[in-house]
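J.: with the input below, show me the fold.
(2 chains)
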Amino acid sequence: MSALDWLVLTGTLAFIIGYGTWRTRTAGSSLDGYLLGGRQTRWWGVGLSIIATQASAITFLSTPGQAFADGMRFIQFYFGLPVAMVLIAIVAVPIYHRLRVYTAYEYLQRRFDKRTRTLAAGLFLLQRGLSNGLSLYAPALVLSAILGWNTTVTVCLLGAAIIGYTVSGGTRAVTVTQQGQVAVIFSGMAIAGYLLVHYLPPQVGFADAMHVAGRMGKLNLVDFNFDWQNRYNFWTGMTGGLFLALSYFGTDQSQVQRYLSGQSITQSRLGLLMNGLIKVPMQFGILLIGVLLFVFYLFQPAPLTFNRPVYEKVMSNPALSAEARQLESQHTEVQAAQQEAATALVAARQGQDAQLQATAQQRLQTTQAAASGLRKSWEALVKRADPAADSKDTDYVFISFVLRYLPRGLVGLLVAVVLSAAMSSAAGGLNSLGSTTLIDLYRPFTRRQHCTEAHLVRVSRWATVGWGTLGVGFALFASRMENLIQAVNILGSLFYGTILGIFAVAFFQKHVHGRAVFWAAVVTQVATVLAFWLTDIAYLWYNILGCFAVMLLAELLQKLMPEPVEAMQESLAT
Amino acid sequence: MPHSTHSHSDNKPPLLPTWRAWYLLVLGALAAEIGVFVWLSRWFAT
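T.: As a prediction, this is how the structure comes out:
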C-alpha cells in the first residue's frame, strides 16, 4: 500500500473511532445510557446498527469470492430474513419494550424462571464469546496473506481499538461508530463495483457482462427445485434461512440489544423493517461484484491462484515446482482461449447472431471446464505441499483485485471497508457480551444488596474488557488451530435451535412453565450434540429441528410434570 | 411490575396507515425482488 493509502486508511478509521468516542463520552453516567444508549436511538440508527452488526469482514471478503466461483445462488439464503424481520417486529419487539428489559434473556426469567434465563444466557455467552474473536482473526489472516501484515499485531490493534471505544461509550458508542462504518462500507463497495465495470474492455458494456455471466451459469439467483443435498435453493432459504434469521435477530443479544436501544416500539420496528428491506438488495450487490469479477478475469489475466503465500509455498518446494510451472503454463494457454471465446461471445451478442452466440458459448464452457480441471490439479498439488494449507482461494479474489487494479487512495478506502466491517460486528458482539454478563449473570447472583448504577456500569465495563481480551487471545490461539475455528462455528449453530425453541415456547405456549421448558431445552441440547456426532444432518437443519424439539418436549413435559403452585406464583410475581 | 412504554404513537406507524401495511410492504418487496431475480436468471441465460 502507498503512503496515500495508509493516510486514507488510518484517517478514516481514526476519525470514525475518535468521533464515536467523543460523541458518547458521557454515556456511562447511567445504566440505561451505557447499556441501551438511553433508549434514544431513531429507526435509521437502529437499522444501520443491525446491518453493521451482521456484516462482518468475511461478508466483504468471502461473498464476492463465492459468487466468483459459484454464482449468485447464495442470495437465496437471505430470502427468509425479511419474513423473520416482520415476525420479530410483530411478536418480540412489543414484549421486550413493554417489559423494559436490557437483554432478551431477562424476559425469560419474567416468563419462566431464573435457571431457564441463566441457561439461555450461558449458551449465548459461550457461543458469542468464542466466535467474536474469530471475527477479528478471519480478516487479519487474509490481510496478512495479501499485504504481509503481521496477524498478531493486526488482531491486537483491532482488538484494542474495539475494546477502547466499546468500554468508553457502551451501546451508544457502538451505534455511532457503526453509522460511520456503514457509510464507509457502502461507499467503498459502490466505488469498487463502478470501477469493475469501468475496467472491462471498451467493447464490453454492463449488459454484455451480465449476458456472459448468465450464459456461464453465474446468475443462478433462484432455484425452485428442492434438494436435500443442495444448501442454496428457494426452499432452504425460506425454511433454514428463516429460522436462522429468527434465532439470530430474535434471540441473540448482539442483535436484540440494537433494537432495544430504539426510542420506542415504532422506532425499533422500523429499524428491523429497514433491515428487511435493505438486506436482500445489499447481498445482491455484493454478489454482483463477485460475478463482475468473474467476467473481468475472462478478459484480464488471472493468476493460477489468488492465495499468494500458498503459491509461493508450492513454488519453493523443489519436488513440486516443475509440476506447478507446467500447470501455470497450461493455465496461461487456457486463459488466452477463454479471452478469445468471451470476446467472440460478446461480438456475437452485439451482432444478434444466435448461431455464433451458441458456438462461442460452447467454446467458453469448454475453456471453463479446462480451467476447472487445472484448478483441481492445483489444489491437489497444494495438499501435497502442505496437507494443512487452504487450497481454496475465493477469500482472496476481491482483495487481490483491489490491490492490483484500484488507484492509490482507493486501496486504503477498501481496506478500511474490510476493517470497518470487522470492527462493527465485533463491537456489537462485545457490547452484548458485557451487557449479558452484567444483567444475566452478575446482577441476579451478586450478594451486594444495593448496587448503584455507577457500580453496575463499572462491572459491565470490566466484563467488556474481559470478553474483549478473551476474544483477542482466542483469535491469536485460533491461528494455530484451524479445526478450532470450524468447531466454534458449528458449536454456535448447534445452540441456536435450542435458544429459539425456548423463546418460541415463551411467546406462543402460554400454559407451559419454567420446569418443563428448562428440561426440554437441556434434553434437546444434548440430543442435538449427539445427532451432530452420530448423523450427517447438515447443521442448517439443527435450527429448525432444535426449535420444534424444545416446543414439543416442553408441551409433553408440562403434561407429565405440572409446575408446583409456589413456583408458578414466584414466576408470576417477578 | 415494570411500567409500560406503549403509547398511541406505537399503534400508528409513520408514512403508512397501519403496521399491517408496513409488513405487506416488506413482504411485497421480497416477492418483487424474487420476481426480478427469476427474470434476471432467465433473461441473461439465453
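J.: CA atoms for contacts and neighbours, from now on please.
T.: Will do.
J.: so what's whichever residue of the stretch 401-550 of chain A sits closest to chain B up against?
T.: Closest contact between the stretch 401-550 of chain A and chain B, by CA to the nearest CA, is at A:Ile439 (15.9 Å). Contacts of A:Ile439 were listed using CA atoms under 8 Å, 6 or more residues apart in numbering or on different chains, and they are A:102-103, A:106.
J.: are any of those residues buried, and if so which?
T.: Among these, those buried by neighbour count (16 or more other CA atoms under 10 Å in any protein chain shown) are A:102-103, A:106.
J.: narrow these to those in helices?
T.: The members of the buried ones among the contacts of A:Ile439 that map onto helices under DSSP state H are A:Glu106.
J.: got TSV for the buried ones among the contacts of A:Ile439, with distance to chain B too?
T.: Shown next, in TSV, are the buried ones among the contacts of A:Ile439 (distance: CA to the nearest CA, whole Å):
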residue	distance to chain B
A:Tyr102	12
A:Thr103	15
A:Glu106	13
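J.: nearest to A:Trp235 among the buried ones among the contacts of A:Ile439?
T.: Nearest to A:Trp235 among the buried ones among the contacts of A:Ile439: A:Thr103, at 32.1 Å, using CA to CA.
J.: so that closest one sits against A:Ser254, correct?
T.: No - taking contacts as CA atoms under 8 Å, A:Thr103 lies outside contact range of A:Ser254: 9.4 Å.
J.: what's the closest non-adjacent residue to A:Gly188?
T.: Nearest residue to A:Gly188 in three dimensions, chain neighbours excluded: A:Leu414, at 5.7 Å (CA to CA, 6 or more residues apart in numbering or on different chains).
J.: quick one: average pLDDT of the lengthiest helix in chain A?
T.: Counting residues, the longest helix in chain A under DSSP H turns out to be helix A:151-198. Mean pLDDT, helix A:151-198: 91.
J.: how much space separates the residue nearest the centre of chain B from chain A?
T.: In chain B, the centroid-proximal residue (CA atoms, centre = their mean) is B:Val26; its distance is 1.5 Å. Distance of B:Val26 to chain A, computed by CA to the nearest CA, to the nearest Å: 6 Å.
J.: now that residue. Nearest residue, chain neighbours left out?
T.: Nearest residue to B:Val26 in three dimensions, chain neighbours excluded: A:Leu277, at 5.9 Å (CA to CA, 6+ apart).
J.: what about the one you found, which SS state?
T.: Assigned state for A:Leu277: helix (three-state reduction, DSSP: H, G, I helix; E, B strand; the rest coil).
J.: could you point out the longest helix in chain B?
T.: Max-length helix for chain B by DSSP H is helix B:19-43.
J.: what sits against the residue nearest to the centre of chain B?
T.: By CA under 8 Å, 6+ apart, the contact list for B:Val26 reads A:82-83, A:86, A:273, A:276-277.
J.: change it to 7 Å
T.: Shown in contact with B:Val26 (CA atoms under 7 Å, 6 or more residues apart in numbering or on different chains): A:82, A:273, A:276-277.
J.: next one: A:Trp44
T.: A:Trp44 sits next to A:Gly271 when contact means CA under 7 Å, 6+ apart.
J.: could you do the one 10 residues further on as well?
T.: Taking CA under 7 Å, 6+ apart as the contact definition, A:Gln54 lies against A:Ser425.
J.: for it, give its distance to chain B.
T.: When distance is defined by CA to the nearest CA, A:Gln54 is 19 Å away from chain B.
J.: how about A:Val212?
T.: The gap separating A:Val212 from chain B is 8 Å, by CA to the nearest CA.
J.: need the per-residue pLDDT for that residue.
T.: Looking at A:Val212, its pLDDT stands at 92.
J.: what helix or strand is it located in?
T.: If you go by DSSP states H and E, A:Val212 is part of helix A:206-215.
J.: and the angle from that helix to helix A:151-198?
T.: 110 degrees (axes from the mean of the first three to the mean of the last three CA atoms, to 10 degrees).
J.: quick one on the thing from earlier: could you give the number of residues near the residue nearest to A:Gly188?
T.: 26 (other CA atoms under 10 Å in any protein chain shown).
J.: so it sits against A:Phe186, correct?
T.: No - the pair A:Leu414 / A:Phe186 is not scored as a contact, 10.3 Å apart, by CA atoms under 7 Å.
J.: if I look at the residue of the stretch 401-550 of chain A closest to chain B, how far off is A:Gly409?
T.: According to CA to CA, to the nearest Å, A:Ile439 stands 44 Å off from A:Gly409.
J.: no further questions, thank you.
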